[in-house]
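Asker: pasting the structure only:
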């Protein structure tokens, strides 16, 4: 069988991976020379801790299992089961963590409440003041700037994978074929469109009522920290953002402990993970209203620096990179992804939101299973 995959971000690459793994031939088409969108402009976190229960958590846990297996075969992914810590400073924050520990699925997530000393033993870089920390053992990380390239190298070694960069698919032809902007026609048994936040043009023609929106975020990366940050780190504002923490205790936190004005204005949380070179990837903001701003704003970065330095108990290394990114999210945010047959044998898979890096292996596996690959 021959599968045409359009879009070389992490969701498209994982569809190509599962097709090749099942013995099929793949032609992979990407409009840029290499992917440049949200699949690179993210934390590289395999983030189980905050996922909603049910399908979303099941997908994240399955993806975590798949990531680990792929990481053993593809060392260039930089997979590491580093877990995450959320330092807690107030009684209201502690109550949200305790409520999370009472969930039926808390053990599956690897939740544990640690004292400050226990958290520092796990991550000695956290020298700032906090009272306790929520540990999630199942969280992990990969290197987002190199993951697609490492996966592509492994796919090419199979002999059943062709990568065509710098080609934009302009038309879906009769049957399972597409025409690119070079005029070349690519035919297969299935076409899977994994176009990420590119929702106009051909995608709009195929799915004009697509229940997916675009979300913009700001992030940054520092020079090497000079010491290991052995876990990913979040702040208690992440409780307000992730559905796993919904509870009466969270309602009390929202009512009784206001966010920093900058964090509230930009819908912020702190997420932080160390890269293999020692630098820290830090974010993020959320912007939902179109048209998006074309520039990045300094106040959110200043807020993140204050929060990080308060946890580290030391100045942050020099900020070397700042960027904005855009991802696609289902308008019904409880849905893991939007998967739609748009023509006979042609499927559109988009809208995982901030779950794309976490859930992509399991999303693609489900597509492969449903299509009978």
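Answerer: Great, that's in hand. Being a predicted model, the structure only gives us computed values, none of them experimental.

Asker: In three-state terms, how would residue 233 be classified?
Answerer: strand (DSSP: H, G, I helix; E, B strand; the rest coil).

Asker: what sits against it?
Answerer: 84, 85, 86, 87, 123, 126, 270, 271, 272, 273, 311 (Cβ atoms under 8 Å, 6 or more residues apart in numbering). Yep, even glycine has a C-beta here, placed from its N, CA and C like the rest.

Asker: The same query, at a cut-off of 10 Å, please.
Answerer: Going by Cβ atoms under 10 Å, 6 or more residues apart in numbering, residue 233 touches 84-87, 119, 123, 125-126, 133, 270-274, 280, 282, 307-308, 311-312.

Asker: Tally up the residues packed near residue 73, please.
Answerer: 10 (other Cβ atoms under 10 Å).

Asker: what residues are up against it?
Answerer: Residue 73 neighbours (Cβ under 10 Å, 6+ apart): 150, 151, 154.

Asker: Please report how far it lies from residue 207.
Answerer: For residue 73, the distance to residue 207 equals 34 Å [Cβ to Cβ, to the nearest Å].

Asker: One more: residue 45?
Answerer: For residue 45 relative to residue 207 (Cβ to Cβ), the value is 29 Å.

Asker: what do you get for residue 198?
Answerer: 12 Å.

Asker: Mutual contacts of those two, please.
Answerer: With Cβ under 10 Å, 6+ apart as the test, residue 198 and residue 207 both reach residue 350.

Asker: coming back round to it: what would the contacts of residue 73 look like in TSV with distance to residue 263 and secondary structure?
Answerer: TSV is the format used below for those (distance: Cβ to Cβ, whole Å; DSSP: H, G, I helix; E, B strand; the rest coil):
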residue	distance to residue 263	secondary structure
150	35	helix
151	35	helix
154	40	helix
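
Asker: Using the three-state scheme, assign residue 112.
Answerer: strand.

Asker: does it have beta-bridge partners, and which?
Answerer: Counting by DSSP bridges, residue 112 forms beta bridges with residue 135.

Asker: do the same with residue 319
Answerer: Note on residue 319: beta-bridge partners residue 222, judged by DSSP bridges.

Asker: Quick check: mean pLDDT of the helix or strand containing residue 70?
Answerer: Applying DSSP states H and E as the criterion places residue 70 in helix 55-73. Average pLDDT, helix 55-73: 97.

Asker: list the buried ones in that helix?
Answerer: 56-57, 59-64, 66-68, 70-71 (16 or more other Cβ atoms under 10 Å).

Asker: The helix or strand that it is followed by pairs with which strands, and in what direction?
Answerer: Going down the chain from helix 55-73, the next helix or strand is strand 84-88, by DSSP H and E. On the basis of DSSP bridges, the sheet neighbours of strand 84-88 come out as strand 132-136 (antiparallel), strand 232-234 (parallel).

Asker: C-terminal to the last one, what's the next element?
Answerer: In this case it means strand 232-234. helix 237-241.

Asker: counting contacts, what elements does that following helix pack onto?
Answerer: Judged by 3 or more Cβ pairs under 10 Å, 6 or more residues apart in numbering; DSSP states H and E, the packing partners of helix 237-241 are strand 84-88, helix 91-101, helix 248-256, helix 261-265, strand 271-274.

Asker: Residue 355 reaches residue 363, doesn't it?
Answerer: Yes - counting by Cβ atoms under 10 Å, residue 355 touches residue 363, with 8.5 Å between them.

Asker: Now do the shared contacts for these two.
Answerer: 59, 63, 336, 337.

Asker: Around the third one, how many other residues sit close by?
Answerer: When neighbours are defined as other Cβ under 10 Å, residue 336 has 26 of them.

Asker: what are the ranges of the strands in the stretch 101-250 of the chain?
Answerer: 111-115, 132-136, 140-141, 161-165, 169-173, 177-180, 185-187, 190-193, 212-222, 232-234 (DSSP state E, counting those that start in this stretch).

Asker: Can you tell me which of the ones you listed is nearest to residue 294?
Answerer: In terms of Cβ to Cβ, the element of the strands of the stretch 101-250 of the chain nearest to residue 294 is strand 212-222, at 10.1 Å.

Asker: Just to check, residue 303 is in contact with residue 267?
Answerer: No - in this structure residue 303 lies outside contact range of residue 267 using Cβ under 10 Å: 12.0 Å.

Asker: quick one, which of those two is more surrounded?
Answerer: Comparing residue 303 with residue 267 by other Cβ under 10 Å, the one with more neighbours is residue 303, at 21 against 18.

Asker: ok, for residue 46, nearest residue in space, not its chain neighbours?
Answerer: Distances taken as Cβ to Cβ, 6 or more residues apart in numbering place residue 140 nearest to residue 46, at 4.0 Å, with adjacent residues excluded.
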